[in-house]
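Enquirer: One predicted model, sequence on top.
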Amino acid sequence: MTNADLPPAHSSGPCSLTRFLIEEKRQGRINPDLRLLIEVVARACKTIAVHVGKGALGGVLGDAGTGNAASINVQGEAQKKLDVIANDVLLEANAWGGHLAACASEEMDEPFPIPDAYPRGNYLLLFDPLDGSSNIDVNVSVGTIFSVLVCPGDAQQVDTQSFLQPGTAQVAAGYCIYGPSTMLVLTIGHGTHAFTLDREQGSFVLTQRDMRVPEHTREFAINMSNQRHWEAPMQAYVQDLLAGSTGPRGKDFNMRWIASMVADVHRILTRGGIFIYPWDRKLGHARPDDNVDPTKAGKLRLMYEANPMSMLVEQAGGAATNGRERILDIVPTHLHQRLPVFLGSKAEVAEVTGCHRAHDAAMATQAAQA
Ligand code: AHM
Ligand code: MG
């Protein structure tokens, strides 16, 4: 099919990712290099979807490493075979296109500069190649998350510092969910849009333009098994949710937890809700203000999990905080920095953020009076 065969912009015919990006380019919202980068990431996600879909038949289940020696990543987590495969697919796909200066990944200690054999472009790509990897072996949805930044300064001099930009600097963000269907959800700063993979045609087709997160919700997503490790404002907030219509919130709440952020966020973008991975005592500090080590301040990672998801959610009318401040405003100090995450329906994120701030204010007053 040539461009001439495509239905006009106002038509209700199918709109491929390629056509969507070309139309965004005509609107002056995206340049050719960023368009190419997104197409390359989408193509890599299709390859990952094939590996994920083969499951046991493809020999891709289980841990990476040989014999009893598990392969451990920079996070100190045992890598799954699919973590490694997905990372390699994304690196290989993005190495030679000329649009990137470097990549950074959950699975790699240091950034990966584009090899000298290829030209370097002006963008930086960060990714969690396979999010929710504890779900791989039980055939539950997993995903790929990505974030795109502009490389500050000379692309030949790219290093870790080049990546340490706040989420507000992202020029694109997205995820691909490998579920019953494979979907790509994307923002380039003008709304959040969902594309479904047409497996027969091999192309992503726009299936939801301008996703909107309802402002109010009755649904929360959290791993309740960590409750005893949470700080006081979290305990109080969740107690009110659980009390339902008999408590101060005056309404019943439903709970869902997939243990795959991509899948939980996808549900929230589709029908609302709040996703929470709070600060947690067992992660390493006695109190959340003991912020000596940013790599232990939460479970989820700022640069390739929280930032891209926050941009997608904000672009869909939702909100995202770390319980105290807007996630996208955080200036990172560490490539693999972690943080507490609260994102989804705006009113609910405001509620839980308010609980944390009120707690901090009360503690400050108490300290001043002591
Ligand atoms: P991963 O990137 O190593 O898969 O870890 C991130 C995942 C998120 O997708 C999910 O929300 C969370 O970890 C689940 O954590 P838990 O197993 O503690 O419930
Ligand atoms: Mg992850």
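Expert: Arrived safely, thanks for sending. Ligands and ions are numbered 1, 2, ... in the order given.
Enquirer: CA only for contacts and neighbour counts going forward, please
Expert: Fine.
Enquirer: low-confidence ranges in the stretch 201-350 of the chain?
Expert: Counting by pLDDT under 70, the stretch 201-350 of the chain has low-confidence residues at 284-295.
Enquirer: residue contacts, the spatially closest residue to residue 71 that is not a sequence neighbour?
Expert: Leaving aside its chain neighbours, residue 71 sits nearest to residue 65 (4.6 Å; criterion: C-alpha to C-alpha, 6 or more residues apart in numbering). By C-alpha atoms under 8 Å, 6 or more residues apart in numbering, the contact list for residue 65 reads 71, 79, 81.
Enquirer: you'd agree the last one is up against residue 64?
Expert: Yes: here residue 81 lies in contact with residue 64, judged by C-alpha atoms under 8 Å, at a distance of 4.3 Å.
Enquirer: when you check the contacts of residue 65 against the helices, which ones overlap?
Expert: Judged by DSSP state H, the contacts of residue 65 include residue 81 as members of helices.
Enquirer: Let me see the contact set for residue 52.
Expert: Counting by C-alpha under 8 Å, 6+ apart, residue 52 touches 60, 82, 136, 178.
Enquirer: what secondary structure does the first one sit in?
Expert: When you say that, I think you mean residue 60. Following DSSP: H, G, I helix; E, B strand; the rest coil, the label given to residue 60 is coil.
Enquirer: Phi, psi for it please.
Expert: Backbone geometry at residue 60, expressed as degrees, to the nearest 10, gives phi -100, psi 0.
Enquirer: Can you report how many residues neighbour the residue of the stretch 1-150 of the chain found nearest ligand 1?
Expert: Going by C-alpha to the nearest ligand atom, ligand 1 is nearest to residue 132 of the stretch 1-150 of the chain, at 3.3 Å. Other residues lying near residue 132 total 20 when counted by other C-alpha atoms under 10 Å.
Enquirer: That one reaches residue 144, doesn't it?
Expert: No: counting by C-alpha under 8 Å, residue 132 does not reach residue 144; the two are 9.1 Å apart.
Enquirer: overlap in contacts of those two?
Expert: Residues touching both residue 132 and residue 144 comprise residue 262, with contact defined as C-alpha under 8 Å, 6+ apart.
Enquirer: Is residue 238 within a helix or a strand, and which one?
Expert: Assigned by DSSP states H and E, residue 238 belongs to helix 232-243.
Enquirer: What lies in contact with that helix?
Expert: Taking C-alpha under 8 Å, 6+ apart as the rule, helix 232-243 contacts 227, 247, 248, 249, 252, 253, 278, 352, 355, 356, 359.
Enquirer: Nearest to residue 123 among those?
Expert: Relative to residue 123, the closest of the contacts of helix 232-243 is residue 278; by C-alpha to C-alpha it sits at 31.3 Å.
Enquirer: for that closest one, what are its contacts?
Expert: Counting by C-alpha under 8 Å, 6+ apart, residue 278 touches 230, 234, 298, 322, 323, 340, 341, 342.
Enquirer: distance of it from residue 266?
Expert: As judged by C-alpha to C-alpha, to the nearest Å, residue 278 and residue 266 stand 19 Å apart.
Enquirer: Same list (the contacts of residue 65) but as TSV, adding pLDDT and distance to ligand 1.
Expert: Compiled in TSV, the contacts of residue 65 are given as follows (pLDDT from 0 to 100; distance: C-alpha to the nearest ligand atom, whole Å):
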residue	pLDDT	distance to ligand 1
71	76	13
79	86	8
81	92	13
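Enquirer: Pick the one among the contacts of residue 65 closest to residue 283.
Expert: Each of those was scored against residue 283 by C-alpha to C-alpha, and residue 79 proved nearest at 19.2 Å.
Enquirer: My guess is the closest one contacts residue 72. True?
Expert: Yes: counting by C-alpha under 8 Å, residue 72 is a contact partner of residue 79 at 5.7 Å.
Enquirer: In terms of neighbours, single out the busier of those two.
Expert: Taking neighbours as other C-alpha under 10 Å, residue 79 and residue 72 compare with residue 79 leading, 21 against 15.
Enquirer: For the more buried one, list the residues it contacts.
Expert: If you count contacts by C-alpha under 8 Å, 6+ apart, then residue 79 has 63, 64, 65, 70, 71, 72, 73 around it.
Enquirer: got the phi/psi numbers for the last one?
Expert: The reference is to residue 73. Per-residue torsions, residue 73: phi -90, psi -180 (degrees, to the nearest 10).
Enquirer: Who are the contact partners of it?
Expert: By C-alpha under 8 Å, 6+ apart, the contact set of residue 73 is 79, 107, 108, 109.
Enquirer: likewise the first one?
Expert: With C-alpha under 8 Å, 6+ apart as the criterion, the residues that contact residue 63 are 70, 71, 78, 79, 80, 81.
Enquirer: okay, those residues in a markdown table with distance to residue 222 next?
Expert: Below are the contacts of residue 63 laid out as a markdown table (distance: C-alpha to C-alpha, whole Å):
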| residue | distance to residue 222 |
| --- | --- |
| 70 | 29 |
| 71 | 28 |
| 78 | 23 |
| 79 | 23 |
| 80 | 23 |
| 81 | 27 |
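Enquirer: Buried ones among those?
Expert: Among the contacts of residue 63, the ones that count as buried by 16 or more other C-alpha atoms under 10 Å are 71, 78, 79, 80, 81.
Enquirer: Nearest residue to the fourth one in space, please, no chain neighbours.
Expert: Think residue 80. residue 63 (4.1 Å).
Enquirer: Would you confirm that residue 177 contacts residue 144?
Expert: Yes: at 6.7 Å, residue 177 counts as touching residue 144 under the criterion of C-alpha under 8 Å.
Enquirer: Overlap in contacts, those two.
Expert: Common contacts of residue 177 and residue 144, defined by C-alpha under 8 Å, 6+ apart, comprise residue 262.
Enquirer: that older thread, so which of the contacts of residue 278 belong to helices?
Expert: Members of the contacts of residue 278 lying in helices (criterion: DSSP H): residue 234.
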